[in-house]
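In: Just to be clear, the model below is a prediction. Sequence and coordinates:
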2 protein chains.
Amino acid sequence: MAVKQKGWVPVEGELLPQPDIQDIRLAKVLNALGDPVRMHLFRAFATDDQCDCDCARLGLGHLHKSTVSHHMRVLREAGVTSTRAVGRNRHVALRRADLDARFPGLVEALLAAGAAEEAAEGAER
Amino acid sequence: MAVKQKGWVPVEGELLPQPDIQDIRLAKVLNALGDPVRMHLFRAFATDDQCDCDCARLGLGHLHKSTVSHHMRVLREAGVTSTRAVGRNRHVALRRADLDARFPGLVEALLAAGAAEEAAEGAER
DNA sequence: GGTAAGGTTGGACGTGCGTCAAACAATAGA
DNA sequence: TCTATTGTTTGACGCACGTCCAACCTTACC
C-alpha cells in the first residue's frame, strides 16, 4: 500500500534519489569509476542504454545481488547513472547529457580509455 | 655513501619506480585522481610542469610532509606522474606523453573537467 | 491469499585508505 | 665535521570500502 515506513521504498515510476547537475563532483565521479566493477557497469550502460538490471547478464554473476545494488547506489549518488523503478525492476541509464553538460568530453574520453585498455589487454594475451 | 641498505633510497638523478606504459591501469589512474588532494596535485603538475616539490607552495601547507609523500607515491605508482631525485629535492612531472599514448584525450578531458568544476564553484559563491 | 522473484537495507568481516608522528637517510651548507 | 633541510619509511589510528549473508519490502503471478 506504499506506506513508505522504514528506510526507503521505491514507488512505481519514481526516480531514485540522485544529485542535481550542479552538485555532481568530479572527485566523486572518478572515485566511482575507480572501481573495476563500476567501470564495467559504466561501459555497459554507455553502450546498452536503458539497460535492464539483469545483474547476471552483465557479467557480474559472481557477485551477490546486494553487492551489485551497492555499486548501483554509488554510481547513482555520484551522478553517473539514473535509476527508475519499473515494476520490480530498475531501469538504469547513464546520465550522459548531464555529465556532458557539466564535464564536456569527459564521458567520451573515459569510454575511449576503457576501450583502449581492453584492446591492449586483448592483444597481449 | 649510497649503500642502499633498507627499504629504498633514491640516488642522484635516479628515477623513482614507476609502471611501464602498458602497465598503466585505467582503474588505478581514476582511483588516484578520485582523491581531492591528488586531483589538486595533478592539475598543479599539468600547468606547472617539472614542478619542484614545494609541498607548502602547492596549497598543501596543512598536510604533513609524510602525507604528501604518500600521495606522491600513489600518483607515481598509478603511472600519473614521474619523479626524479635531484639533490635532496624531487622533480615531479606529469607523464603526459605516456598517458596520451595509452589513453588519448583523457588527460585533456580531466583537466578541462577540473577547470569547469572550479569555474562553477567560483561562480556560485 | 499464498508464493516466488527482484532489490534494498542492515550488520558483519577483512582490507585498504588518509592522516599524523617519530625515526631515519641523504644531501647541502657552515 | 657538524648541522639543517628534504623527503621516505614505518607504525598507529580512525574511518570508509567491497563483499557476503540474512531479513525485509514490493511487485508479479498462481
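Out: Received the coordinates, thanks. Residues are numbered from 1 along each chain as shown, chains lettered A, B, ... in the order given.

In: Out of the helices and strands in chain A, which is least certain?
Out: None of the helices or strands of chain A scores lower by mean pLDDT, DSSP states H and E than strand A:51-52, at a mean of 61.

In: so what's A:Phe45 scoring on pLDDT?
Out: On pLDDT, A:Phe45 comes in at 93.

In: these two touch, right, it and A:Thr81?
Out: Yes. Contact status for A:Phe45 versus A:Thr81: in contact at 6.1 Å, counting by Cβ atoms under 8 Å. Bear in mind the C-beta positions are built from the backbone N, C-alpha and C, glycine included.

In: Now do the shared contacts for the two.
Out: Shared contacts of A:Phe45 and A:Thr81, defined by Cβ atoms under 8 Å, 6 or more residues apart in numbering or on different chains, comprise A:Val92, A:Ala93, A:Leu94.

In: And for the nearest residue to A:Leu94 once chain neighbours are set aside, the neighbour number?
Out: Of all residues not flanking A:Leu94 in the chain, A:Phe45 sits nearest, at 4.4 Å (Cβ to Cβ, 6 or more residues apart in numbering or on different chains). Neighbourhood size, A:Phe45 [other Cβ atoms under 10 Å in any protein chain shown]: 21.

In: Can you spell out which helices and strands pack onto the helix or strand where A:Phe45 lies?
Out: Using DSSP states H and E, A:Phe45 maps to helix A:36-47. Of the remaining helices and strands, those touching helix A:36-47 by 3 or more Cβ pairs under 8 Å, 6 or more residues apart in numbering or on different chains; DSSP states H and E are helix A:26-33, helix A:65-78, strand A:81-86, strand A:89-94, helix A:106-124, helix B:26-33.

In: give me that answer again for 7 Å
Out: Secondary-structure packing of helix A:36-47 (3 or more Cβ pairs under 7 Å, 6 or more residues apart in numbering or on different chains; DSSP states H and E): helix A:26-33, helix A:65-78, strand A:89-94, helix A:106-124, helix B:26-33.

In: just to revisit the earlier point, can you say which of the shared contacts of A:Phe45 and A:Thr81 are buried?
Out: A:Val92, A:Leu94 (16 or more other Cβ atoms under 10 Å in any protein chain shown).

In: out of the shared contacts of A:Phe45 and A:Thr81, who's nearest B:Leu110?
Out: The closest of these to B:Leu110 turns out to be A:Leu94 (Cβ to Cβ; 18.3 Å).

In: dump the residue contacts of the closest one.
Out: Residues near A:Leu94 by Cβ atoms under 7 Å, 6 or more residues apart in numbering or on different chains: A:Phe45, A:Ala46, A:Asp49, A:Val80, A:Thr81.

In: how about 6 Å then?
Out: By Cβ atoms under 6 Å, 6 or more residues apart in numbering or on different chains, the residues touching A:Leu94 are A:Phe45, A:Ala46, A:Thr81.

In: cool, and A:Ala116?
Out: Residues in contact with A:Ala116 (Cβ under 6 Å, 6+ apart) are B:Phe103.

In: I'd like to know how far it sits from A:Arg88.
Out: From A:Ala116 over to A:Arg88 the distance is 38 Å, taken as Cβ to Cβ, to the nearest Å.

In: now A:Ala27
Out: 34 Å.

In: Of the two, which one has the most company?
Out: For A:Ala27 and A:Arg88, the more surrounded residue by other Cβ under 10 Å is A:Ala27, and the numbers stand at 18 against 6.

In: thinking again about what came up before, and which of the shared contacts of A:Phe45 and A:Thr81 is nearest to DNA strand C?
Out: When these are ranked by distance to DNA strand C (Cβ to the nearest atom of the strand), A:Val92 comes first, at 8.6 Å.
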